[in-house]
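Visitor: Output the structure for:
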Amino acid sequence: MSTKDRLFSEYAGYHTDSRNRATHFAGIPLIVGSLIGLLLRWDFFVVGPIGVSAGHVVLAAGILFYLAVAPSLALPMLAAVGFLAAIGRALPVWLAVALFVLGWILQFVGHLKYEGKSPAFLKNVTHFLIGPLWVLEEAMGLGKA
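Guide: Numbering: from 1, shown residues only. All right, here's what the predicted structure looks like:
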């Protein structure tokens, strides 16, 4: 079993209820887009004419992880996160923060009300990165949920 299959199987075990999965399909893109969008706003150093922000660093680290775990999904993930982050960056700060909070509320409603299990990232912090990849694979119609 590949690392991706193992991580997805473990992650899916925390997401068996269709209503919980629905909260994740809404909440995870809200969290990812608003978080990266917010982190892209402030450069912490400049290389020539290009500013490098925490958002760039987080995005690069995430894509490197996805290349290692699921190479075939890394490019679609980069496109999806880039799109979401561009929207998140364009929003007023207050709205991006509100959407980030709403995304987390949806996650916890899904787990506490529908699934009856704690979030998977409490067992394995890697699931912070697996969640978006899992949602992307499902959205592309490639998943097994």
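Visitor: tell me the pLDDT at the residue of the chain most remote from its centre?
Guide: Relative to the C-alpha centroid of the chain, counting by Cα atoms, centre = their mean, residue 48 is the outermost residue, at 30.1 Å. Looking at residue 48, its pLDDT is 83.
Visitor: what about it, distance to residue 14?
Guide: Distance, residue 48 to residue 14, using Cβ to Cβ, to the nearest Å: 44 Å. C-beta coordinates here come from the backbone N, C-alpha and C atoms, glycine included.
Visitor: same question, residue 90
Guide: According to Cβ to Cβ, residue 90 and residue 14 sit 32 Å apart.
Visitor: ditto for residue 86
Guide: Taken as Cβ to Cβ, the span from residue 86 to residue 14 is 30 Å.
Visitor: Show me what stretch 126-135 is in contact with.
Guide: Residues from elsewhere that reach stretch 126-135, judged by Cβ atoms under 8 Å, 6 or more residues apart in numbering: 4, 7-8, 10-12, 14-15, 24-25, 28-29, 32, 62, 65-66, 69-70, 73, 77, 80-81, 119-121, 143, 145.
Visitor: Filter those down to the buried ones and hand me the ChimeraX line.
Guide: Selecting only the buried entries of the contacts of stretch 126-135 in ChimeraX, with 16 or more other Cβ atoms under 10 Å as the criterion:
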select :4,7,8,11,12,14,15,24,28,29,32,62,65,66,69,70,73,77,80,81,119,120,121
